[in-house]
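>>> Fold the following.
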Amino acid sequence: DGDVFHEIFRERPHHVPDMSPDLIQNCDLHHGEWGTVGSVIFWNYTHDGKECVAKEIIEAIDEEKKSVTFNIVEGDLMELYKTFKATVHVDTVGEDNLVTWTFVYEKLNEDVPDPHTLMEFCVKLTKDIESHHLTNA
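Okay, the predicted model is just below:
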């Protein structure tokens with residue numbers, strides 16, 4: 001359900017470690033309140049076999065478009081990118097829900113690869129959350 005997926009990333013990201021424990025080990029609120037713009041969230045995750053961290057600020061929440069934009073401000077990604085924003089957006093068409101991840105980033109230099117493996121990570125995360133909800137529906 002697209003509404004459930006949007007709700008998870010908007011106000012219940014701390015439930016994601018239970019849905020995708022291989023990828024996400026922890027999610028903590030460092031400042032603000034769950035589901036509010038300006039809140040600071042800290043993630044522990046595994047990417048490409050490496051334990052990583054990310055500190056992000058919820059930059060925007062659009063209820064109509066079912067999207068949440070996160071601005072990553074600290075952590076492993078900042079070793080490669082000057083700026084990195086991730087938006088997760090849900091389109092509902094009839095019975096179908098389409099989850100789209102969008103990255104907007106600036107590399108520290110031209111040798112930094114595009115974040116293809118991070119996109120694969122997000123696809124797997126999306127599938128894990130979907131499987132969790134189909135199993136527990």
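>>> Check the separation of the first and last residues in stretch 8-21.
End-to-end span of stretch 8-21 (C-alpha to C-alpha, to the nearest Å): 15 Å.
>>> Rounded mean pLDDT for it, please.
Across stretch 8-21, pLDDT averages out at 94.
>>> which outside residues touch it?
Under the contact criterion C-beta atoms under 8 Å, 6 or more residues apart in numbering, stretch 8-21 has outside partners 24-29, 34-35, 41, 61, 68, 88, 124-125, 128-129, 132-133. Where you see a C-beta, it was placed from the backbone N, CA and C, and this is true even at glycine.
>>> where's the residue nearest to residue 23 when sequence neighbours are not counted, which helix or strand?
Nearest-residue entry for residue 23: residue 125, 5.4 Å, with adjacent residues in sequence omitted and distances by C-beta to C-beta, 6 or more residues apart in numbering. In the assignment (DSSP states H and E), residue 125 maps to helix 116-135.
>>> from the chain's centre, how far out does that helix sit?
Centroid separation for helix 116-135 versus its chain: 10 Å, with C-alpha atoms, centre = their mean, to the nearest Å.
>>> Which positions in it come out as buried?
By neighbour count on 16 or more other C-beta atoms under 10 Å, the buried set for helix 116-135 is 118, 121-122, 125-126, 128-130, 132.
>>> out of the residues you listed, which one sits closest to residue 7?
residue 129 (11.1 Å; C-beta to C-beta).
>>> any idea how far the residue nearest to the closest one when sequence neighbours are not counted lies from residue 131?
In space, and not counting its chain neighbours, residue 129 is closest to residue 19: 4.9 Å by C-beta to C-beta, 6+ apart. Per C-beta to C-beta, to the nearest Å, residue 19 is found 8 Å from residue 131.
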